[in-house]
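**Q** from the sequence below, what's the structure:
(chains A and B)
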Number of protein chains: 2
Amino acid sequence: MTNASASTATSMPKALPPPEIQKRLDQLLSDIQSAAAQQIGYPVNQDFDYSPLVPFLDYSINNVGDPFYPSNFWGNTHEIEREVIDIFAGLMRIAPEDAWGYVTSGGTEGNMYGLYLARELFPNAMFYFSEETHYSVLKNVRVLNARHIMIRRQENGEIDYDDLEAMIRVNRDLPAVIMANVGTTMRGAVDDIGRIRDILRDQAVTSYYIHADAALSGMILPFVSNPQPYGFDAGIDSVSVSGHKLIGAPLPCGVVLTKRPYVERVGRAIEYVGVEDTTLSGSRNALAPLMIWYAFAQHGHEGFRNIVAGMLDTAEYAVGQFNERGIPAWRHRNSATVVFPRPRREVFHKWQMAPEGEIAHIITMPHVSREIIDELVADCAG
Amino acid sequence: MTNASASTATSMPKALPPPEIQKRLDQLLSDIQSAAAQQIGYPVNQDFDYSPLVPFLDYSINNVGDPFYPSNFWGNTHEIEREVIDIFAGLMRIAPEDAWGYVTSGGTEGNMYGLYLARELFPNAMFYFSEETHYSVLKNVRVLNARHIMIRRQENGEIDYDDLEAMIRVNRDLPAVIMANVGTTMRGAVDDIGRIRDILRDQAVTSYYIHADAALSGMILPFVSNPQPYGFDAGIDSVSVSGHKLIGAPLPCGVVLTKRPYVERVGRAIEYVGVEDTTLSGSRNALAPLMIWYAFAQHGHEGFRNIVAGMLDTAEYAVGQFNERGIPAWRHRNSATVVFPRPRREVFHKWQMAPEGEIAHIITMPHVSREIIDELVADCAG
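**A** Take a look at the predicted model:
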């Protein structure tokens, strides 16, 4: 067992499942394959290949605990996880030595971690986020038992800065925690972090914390030439980026990143009551960091730059094709989210789109070809 | 793409990683293999084979949302997940139609869910749990911002019922949430749920909620002939069981189970504020339910009964061997956790044991053979 290598492990003979079980698995896989082909409404990159990681499926691996501290559980990928955090520190524009983070089980855990940290740093803070924010944030805030005000959105999906200012003004006695969207789920809108900070300064609120939900755009903006401000250089205090969205993965995962001193301050408090680990989960998935790491090893930054450029090209193409047919589709700058009027039921069902009120969207992930766009536009126009 | 079957998918040619990446993967896998062989201090079953599930790694699958409601994201394993919940309803002694649950990212999320539900049902409750409780519960309670009292433990690891009664007595004006351990991490102790309910009755506290952390023993007690009370029939309101522990898996996972009406009550409240899903995570791992389901398809209940019997036999053997050498090892009834005095540093390091104060433990998972026990006992006696 101890001397086998990755390549020999894959060739080890395995027991076959009973026929009825294999039949069930075949059917399920075939359903999933059909679903994948028709799926243009969700921001998931389907173009990945993690087959070199298959041998790791034979082991009970676990990244329990802080990836930056030694673990008693040796079967971990903490070293790989630290390299992933370094990569994301670069993307999110913070010096690696100032950053702390870990690979999460998805965007929700990343947002939860940022907001939890904010509440620990400012226990009596008021939390603000726009109504365009992903519903899981409301759930997070509810779990955290934090006071919060939902701010109106503009029609384009950005937070309504006037409403935000008005609400901060009447709560100037409280620290402010702002959950900023860096690419909203529905409209791909990026809240203007500079403007949010201006509001806080104008209202003389000096105790504040900005968490960015950059689930999808956190992997787009670092790879375009003229991004909206999104990183730690723009003034964010923490950020959650998904791994299974633009990078692509068979399981949800993500990265949460924050400033090391924050975690140390909260970490000390936790240690006092006898808890030594700093992550939200106990046992943590050790395959997820390996997948994210492997994707970067495969593509490199240049590869992701090309993937993003291709997605934005297709998005622009889609807007053009819709508009040519008289359908008022639009998208934000640097966004692969194309918004258009909600089509007939059969159309949004066929393409697995999640409509919201009067609108629908597609996200031009790499598998969404121009042929698919043409077919969709014809469906919508027809 | 749509017509491939599970068996052809595995044989599709894949791109090879660059040599330096493959080298890194080989080294990591070899480290993990070495670690696995020497690992007797953690309750993870290493004897699993999920190779028939490998084809699913090629797809972006996601169990986002409530497994009992239809999902807009078709690439899911919700049907399999519901079958897993049914299996666990049987194990935890609740009628499937009365149960609700989902497959979690591990024990922490399951405990968090149970405690979150408890807090939503009883917002001003006092939370009680013993100092023997896994540290993640303290973190959960902290995240939930819930008032809590840590109760002393008895020397055997069970909660100190006198201390619990005293603390409940001084807080009779508050609803009580009890986090009961069904197999503690360190000593495998099972809190006596009947006795806890007696205390609540004696103190006339009628608004209460009992969550059971049955991470490991939730897969032991259903398979022994004379279990300590552990299930819904004993009076628990929710339970978290790990999937990667006794069942075994390459990624942390678990099952949380509760009573359907609780979730419906809390679910309604959530719907009011615009959130429709009932799980804690947003995107959820769709492979984990498939692994748990497949393990039951492979082994059946009879298989798990044999696995558990073998583990308990080995535990009994270990206690005997230790005692023969004059080392005062012991274990609880129906427990594979063998407790003994903390050995020298080299010994507990060699076997990846997590000592606590003056004690250490091993857990006789299936890969822990009598030869390993003999070697360990010799190391400890030497």
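
**Q** in a helix, residue A:218, correct?
**A** Yes. Assessed by DSSP: H, G, I helix; E, B strand; the rest coil, residue A:218 belongs to a helix.

**Q** quick check: the spatially closest residue to it that is not a sequence neighbour vs residue A:109, distance?
**A** Closest residue to residue A:218 apart from its sequence neighbours, by Cβ to Cβ, 6 or more residues apart in numbering or on different chains: residue A:241 at 3.4 Å. Every residue, glycine included, has its C-beta placed from N, CA and C. Distance of residue A:241 to residue A:109, given as Cβ to Cβ, to the nearest Å: 12 Å.

**Q** please apply the same query to residue A:339.
**A** Counting by Cβ to Cβ, the gap from residue A:339 to residue A:109 is 28 Å.

**Q** can you pull out the strands in the stretch 151-300 of chain A?
**A** A:176-181, A:208-213, A:238-242, A:254-259 (DSSP state E, counting those that start in this stretch).

**Q** of those strands, give the one that comes closest to residue A:60.
**A** For residue A:60, the closest of these is strand A:254-259, at 22.7 Å, according to Cβ to Cβ.

**Q** neighbour count winner among residue A:339 and residue A:109?
**A** Ranked by neighbour count (other Cβ atoms under 10 Å in any protein chain shown), residue A:339 and residue A:109 place residue A:109 first, with 30 against 23.

**Q** my guess is the more buried one meets residue A:252, correct?
**A** No. Look at residue A:109 against residue A:252 with Cβ atoms under 8 Å: they stay out of range, at 9.1 Å.

**Q** between those two, what contacts are shared?
**A** Shared contacts of residue A:109 and residue A:252, defined by Cβ atoms under 8 Å, 6 or more residues apart in numbering or on different chains, comprise residue B:281.

**Q** list the residues that are in contact with both of residue A:241 and residue A:109.
**A** A:254, A:256.

**Q** how about the residue most central in space within chain A, what does it touch?
**A** Computing the C-alpha centroid of chain A and ranking residues by Cα atoms, centre = their mean puts residue A:215 first, at 2.1 Å. Shown in contact with residue A:215 (Cβ under 8 Å, 6+ apart): A:43, A:107, A:134, A:183, A:185, A:240, A:241, A:242, A:245, A:254.

**Q** using CSV, lay out these together with distance to residue B:355.
**A** Converted to CSV, the contacts of residue A:215 look like this (distance: Cβ to Cβ, whole Å):
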residue, distance to residue B:355
A:43, 46
A:107, 37
A:134, 43
A:183, 47
A:185, 46
A:240, 35
A:241, 37
A:242, 38
A:245, 41
A:254, 34
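
**Q** please read off the pLDDT at residue A:85 from the model.
**A** If you check residue A:85, the pLDDT there is 98.

**Q** which intervals of the stretch 101-250 of chain A have sub-threshold pLDDT?
**A** Low-confidence segments of the stretch 101-250 of chain A, defined by pLDDT under 70: none present.

**Q** give the buried residues for the longest helix anywhere in chain A.
**A** The helix that spans the most residues within chain A, counting by DSSP state H, is helix A:287-324. By 16 or more other Cβ atoms under 10 Å in any protein chain shown, the buried positions in helix A:287-324 come out as A:287-298, A:304, A:307-308, A:311-312, A:314-315, A:317-319, A:321-322.
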